[in-house]
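>>> here you go, sequence then predicted model.
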Amino acid sequence: MFRAGCHRMFAAVAARQPVCLGPVFHTSRSAARHCSNTSPQSCWSCDDTIDAEGFFCGCEKNVVLPVNPKRDYFSILGCTRSFTLDSAELQKSFRRLQTQLHPDKFSNQPQQAQTYSADQSSLVNNAFQTLSSPLSRGLYMLQLGNMAVEDGTTSTDQTFLMHVMDLNDSLDAIESEQDLTEFLPEVQELIESCTGKAAAAFEQENLEVAREQICQLKYFVNLERRAKDKLLAADIAS
Ligand SMILES: [Zn+2]
């Protein structure tokens, strides 16, 4: 129903737009501290042995600990490393941690506590942003599995590439709001299908397949964003 136009190269260009993941642990203004790659062994305030997976020391002062660079985003948000996440649980965990670690709560505490709470809080924020969307979650999981998708990586599936080019051409050719509202769900279905295939591949620990699916997801997400932008512009114009 949508005519293909002539912008065949668009898909390749669109897929190259970077998805910001943020560096894994260089999330705050104090990157150097995170780079040491050593886990703190004892509490900076009371010197007790600490839980490497915790945010606080168990001592009576409820001391906030520095970031442990060995923890990944899943561990930080207290969930299993899986592509299929319970987003309600993720959100609950995020809110709870943000309340506990909010720098305002440490404004009367020593400078060290203020710095650590700001670091932890920003790390929790980055973890949540990354794990919330299937695309950034997938990219992050590939990164953890040493299969990072570098900027500019394109799909190697020629049939898929032709399909996505046609979709981009179709979107370019659309002129009415009505056609746009029909086009969007088509793309969203493709996103869902791609996400499902990626989930199955991650589940089977087949990172090669997961990587291809995440690459394809990147194209569809870009296409969806373009369609939404176009719809918004049409809304404003009408
Ligand atoms: Zn302590």
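Structure's in. What do you need?
>>> which helix or strand contains residue 139?
Under the criterion of DSSP states H and E, residue 139 resides in helix 134-144.
>>> residues in contact with that helix?
Among residues not part of helix 134-144, those counted as contacts by C-beta atoms under 8 Å, 6 or more residues apart in numbering are 19-21, 24, 72-73, 81, 83, 85, 129-131, 148-149, 191, 195, 198, 202, 207, 210-211, 213-214, 217-218, 221. For the C-beta atoms, the positions are set from N, CA and C on the backbone; glycine is no exception.
>>> pLDDT of it, averaged?
Mean pLDDT, computed over helix 134-144, is 97.
>>> next, the buried residues of the helix or strand harbouring residue 99.
Take DSSP H and E as the rule and residue 99 turns out to sit in helix 87-101. Of the residues in helix 87-101, those with enough neighbours to count as buried (16 or more other C-beta atoms under 10 Å) are 90, 93, 94, 97, 100, 101.
>>> show me which residues of this protein sit near the ion.
Taking C-beta under 5 Å from the ion as the contact definition, the chain meets the ion at 43, 45, 46, 57, 59, 63.
>>> hmm, 6 Å instead?
Contact residues of the chain with respect to the ion, defined by C-beta under 6 Å from the ion, are listed as 43, 45, 46, 48, 57, 59, 63.
>>> closest one of these to residue 107?
For those, the minimum distance to residue 107 (C-beta to C-beta) is 15.2 Å, reached by residue 63.
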